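1. quick one, what's the 3D model for this:
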Amino acid sequence: MTQTTLRQHLQAQQTDTDLMILMEDIATACRMIADRVRHGAFAGVLGAAETENIQGETQKELDVISDEVFQQIVGGNPSLAALVSEEVDEVNWRKEAPQAGDFVVYYDPLDGSSNLDVNLSVGTIFSIVRLDAAISPQADAVKIKGTEQVAAGYAIYGPSTGLVITTGQGVDGFTHHPGSGEFLLTQPEMSIPAETQEFAINASRYDMWDTPIRGYIDDCLRGANGPRGKKFNMRWCASMVADVHRILTRGGVFLYPADSGNAAQGGKLRLMYEANPMGMLVEQAGGASSTGTGRILEVAPTGHHQRVPVILGSRDEVAVIEGYHKK
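-> This is a model prediction of the structure:
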């Protein structure tokens, strides 16, 4: 059976040529990053680099390598105005005078890199915004709401290399075919069930959670005899890509709330290249995304490395969690 390639899928969606070429460039970068990850042990690059990113986090060598690959491949796209990376402090402007129709790409080149040493899934997250007017190349110009995204997605580097994308017409999953080099459509029209009995959260931070999150988790853990009236499972991969991929595949809810340990920074996860793209994907698959008090995609950015609380997944369960915040 002939399977649909990424290009054929984008053409069938009537994706305009500039966006299609940009997404193919991103797919190429992800293929190359997957190769670097796969051969990381042989190259001796699984350990920490002697640097920190703008968030003050110790970078893995593959964080730096993955960022370089993404910049090299995607940075040469003729329709690209700027790249905004988790690993780089400043906006990487690719044009001196960006025009309407040009793109800004926000990305996390290697999400979950703390899992590299133990051979668990990691990934690349990206968000694409198209400029609706000419701008000057200043940092404030890339503070654009998530509602303005024209596409988003992630690659996941696990037993196989997957690519999950949306252009605002639902969510579709592709798998890299090593023989042909193509990403082939293997998970069309991914959808998240409205209800779930599974949550993902870093429970080691329990003593730092605010009352709403602690109350929600306590009630879930009380099972069928508790106020929720049903048994819940807990999952946690320490890789947002892996946790969201599971939710897109079988449902669930993912939480990384603000707590007493990260509240001063606004939370843990970054708005522009983690929360926004994952929020768009989840919503396009029928789920919901929230900070606990409002929709993630409607957060007005204050900076391109801004952090926010993140709750996303099965729509009805996200609403339940928002209810705990309203009590």
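2. for Thr175, give me the pLDDT.
-> Thr175 is assigned a predicted lDDT (pLDDT) of 98.
3. hmm, I was thinking of Gly112
-> According to the prediction, Gly112 has pLDDT 92.
4. 273 is where my numbering starts, stick with that
-> With 273 as the first residue, the last one maps to Gly384.
5. domain map for the protein?
-> Taking the TED database as the domain assignment, the ranges for the chain are 278-459, 470-598.
6. want to throw those domains into CSV with mean neighbour count?
-> C-beta coordinates here come from the backbone N, C-alpha and C atoms, glycine included. Shown next, in CSV, are those (neighbours: other Cβ atoms under 10 Å):
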stretch, mean neighbour count
domain 278-459, 19
domain 470-598, 20
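7. tabulate the CA atom coordinates of stretch 416-424 in PDB.
-> As requested, C-alpha coordinates have been extracted for stretch 416-424 and formatted as PDB (Å, rounded to 0.1, in the frame of the first residue of the first chain):
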ATOM      1  CA  ILE A 416       3.000  37.300  19.200                       C
ATOM      2  CA  LYS A 417       0.100  35.500  20.800                       C
ATOM      3  CA  GLY A 418      -0.300  31.700  20.200                       C
ATOM      4  CA  THR A 419      -3.600  32.300  18.500                       C
ATOM      5  CA  GLU A 420      -1.600  33.700  15.600                       C
ATOM      6  CA  GLN A 421       0.200  30.400  14.900                       C
ATOM      7  CA  VAL A 422      -0.300  29.100  11.400                       C
ATOM      8  CA  ALA A 423       1.400  25.700  12.200                       C
ATOM      9  CA  ALA A 424       3.000  23.800  15.000                       C
END
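8. contact partners of that stretch?
-> For stretch 416-424, the external contacting residues (Cβ atoms under 8 Å, 6 or more residues apart in numbering) are 291, 295, 375-376, 398-402, 404, 437-440, 543, 547-553, 568-573.
9. tell me the residue in this structure that is farthest from the middle.
-> Distance from the centre of the chain peaks at Asn497, with 35.3 Å (Cα atoms, centre = their mean).
10. how close does it sit to Thr483?
-> 22 Å (Cβ to Cβ, to the nearest Å).
11. can you name the element that comes right after the helix or strand where Gln343 lies?
-> Element membership for Gln343, per DSSP states H and E: helix 333-346. Helices and strands here follow DSSP H and E; after helix 333-346, the next one along the chain is strand 352-357.
12. give me the distance from the following helix or strand past that following strand to the chain's centre.
-> Of the helices and strands lying after strand 352-357 in sequence (DSSP H and E), the nearest is strand 364-365. The chain centroid and the centroid of strand 364-365 are separated by 21 Å under Cα atoms, centre = their mean, to the nearest Å.
13. show me what the helix or strand following strand 364-365 pairs with in its sheet, parallel or antiparallel.
-> Later in the chain than strand 364-365, the nearest helix or strand by DSSP H and E is strand 375-383. With DSSP bridges as the test, strand 375-383 is paired with strand 352-357 (parallel), strand 394-402 (antiparallel).
14. now strand 375-383, how far from the chain's geometric center?
-> How far strand 375-383 lies from its chain's middle: 9 Å, per Cα atoms, centre = their mean.
15. what does stretch 522-529 give?
-> 13 Å.
16. what of stretch 565-577?
-> On the basis of Cα atoms, centre = their mean, stretch 565-577 is displaced by 14 Å from the centre of the chain it belongs to.
17. kindly report the same for stretch 562-569.
-> Averaged C-alpha coordinates place stretch 562-569 at 15 Å from its chain's average position (Cα atoms, centre = their mean).
18. what residues does it touch?
-> Contact with stretch 562-569 is made by 417-419, 421, 484-485, 529-530, 539, 543, 547-548, 551-552, 555, 560-561, 571, 580-584, 590, 593-594, 597, as judged by Cβ under 8 Å, 6+ apart.
19. now Met550: which helix or strand?
-> Met550 is part of helix 548-556, with elements assigned from DSSP H and E.
20. which other helices and strands does that helix contact?
-> Contact partners of helix 548-556 among helices and strands, from 3 or more Cβ pairs under 8 Å, 6 or more residues apart in numbering; DSSP states H and E: strand 394-402, strand 421-429, strand 433-438, helix 512-522, strand 560-562, strand 582-585.
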